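In: here is the input, now give the coordinates:
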Amino acid sequence: MIFVTGGTGLVGSHILLRLAKEKKEFKALKRKDSSLGVCYKIFHYYGEQEAFKSINWFEGDINDITSLEEGMENCNMVLHSAGLVSFQSLDVDLLNKVNIEGTSNIMNIALSKKIKKVGYVSSIATLGRNSTNKMVDEETHFKITRHESNYAISKYYAEQEVWRACAEGLDVIIVNPSVILGPGNWDKGSSKIFQKIFNGLKFYTKGATGYVDVIDVADALLKLMFSDIKNQRFILNGANLKYRDCFNRIARRMGKPESTIEVGNILKSIAWRLEYIKSFLLGTTPLLTKETANSAMRSHKFSANKISQKLNFSFTDIDDTINKYSDWFISEKKSS
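Out: Numbers count the residues shown, from 1 in each chain. Next comes the predicted model:
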């Protein structure tokens, strides 16, 4: 039996989809107030409505010890994809509670229940990239500086909880996805970029980063979990692209104008403040914050050679990923 956290989110829903299609025995943790809307929508995208009905939901919370103990009973594997993604400075305490404390709880109970293997969905944000322009790989060590976001720091310390449990005898796998592209909630997370471009995104920065298809994230994690590989981390990255390149590929597929205005340091400082005011007035979450604005000015390249060599794993072509999700977004817009 497999215990899955984060099943109502983008990555977690795709993990559940894969498990359901393969007829694996699993149960999925959900909070009492969590909506199943995104998960159902994702299953619907792939024509797997019947598979959605097979999900065994278990009510609880990664910060509720009792529910975790009950949830992991009779399980031999844990897939931990639950976490908070936020670049709002006011969310630092919540980031620490969910990402660090929640992960610590998972690891402690996995140890007490003698779980055979735990897979943790981390982030490229936990990889070192402060003092070099070289390709980042699994051995590039993280350094906490003023450039790192509270989100990155929380995920880094969450990883330390995983390695601590590993040192205490738990077999683990950590995956570090780059920016995840996928469907579901177009108003949240990295999927929100499709919405922004559809509405007309005029600005771009000189920065660059990595991108990966959410399907590849779920597939890679499960292949690692059902292999003999253990106690290692793996970068999951399908392509390294400049922000402008990624934005314009999406825009062209959607038939929208490309981004033409380059954002420098002065405009960057103005932009995130205007976005903050706009979101405050509208009661929405800003896509651009001080942290994301600073990050977008930097260029980083990530190597996924390790998993490609260990598992002979091939990532989805980035244009196929962009075209697929752009088409799904447009189709959903037309039907709404």
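In: quick one: residue 125 and residue 152 touch, right?
Out: Yes. Here residue 125 reaches residue 152: they are 3.7 Å apart, a contact under Cβ atoms under 8 Å. From N, CA and C alone the C-beta is placed, and that goes for glycine too.
In: my guess is residue 227 meets residue 307, correct?
Out: No. Counting by Cβ under 8 Å, residue 307 is not a contact partner of residue 227; they are 10.7 Å apart.
In: which one of those two has more residues nearby?
Out: residue 307 (25 against 12; other Cβ atoms under 10 Å).
In: the more buried one and residue 56, how far apart?
Out: Counting by Cβ to Cβ, to the nearest Å, the gap between residue 307 and residue 56 amounts to 29 Å.
In: please apply the same query to residue 201.
Out: 40 Å.
In: who's more crowded, those two?
Out: residue 201 (20 against 12).
In: confirm that one sits in a strand?
Out: No. Judged by DSSP: H, G, I helix; E, B strand; the rest coil, residue 201 forms no part of a strand; its state is coil.
In: setting aside sequence neighbours, what's the nearest residue to it?
Out: residue 259 (5.5 Å; Cβ to Cβ, 6 or more residues apart in numbering).
In: the one you found contacts residue 200, correct?
Out: No. Judged on Cβ under 8 Å, residue 259 makes no contact with residue 200 at a distance of 9.4 Å.
In: over to the residue nearest to residue 201. Which of the three states is it?
Out: Once three-state DSSP is applied, residue 259 turns out coil.
In: which residues touch it?
Out: 201, 202, 203, 204, 244, 247, 248, 251 (Cβ atoms under 8 Å, 6 or more residues apart in numbering).
In: quick one: mean pLDDT over stretch 157-168.
Out: What stretch 157-168 shows for mean pLDDT is 98.
In: list the buried residues for that stretch?
Out: Within stretch 157-168, the residues scored as buried using 16 or more other Cβ atoms under 10 Å are 157, 158, 159, 161, 162, 163, 165, 166.
In: reformat these as a markdown table; add distance to residue 320 and secondary structure.
Out: Listed next are these as a markdown table, based on distance: Cβ to Cβ, whole Å; DSSP: H, G, I helix; E, B strand; the rest coil:
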| residue | distance to residue 320 | secondary structure |
| --- | --- | --- |
| 157 | 35 | helix |
| 158 | 31 | helix |
| 159 | 30 | helix |
| 161 | 36 | helix |
| 162 | 32 | helix |
| 163 | 35 | helix |
| 165 | 37 | helix |
| 166 | 35 | helix |
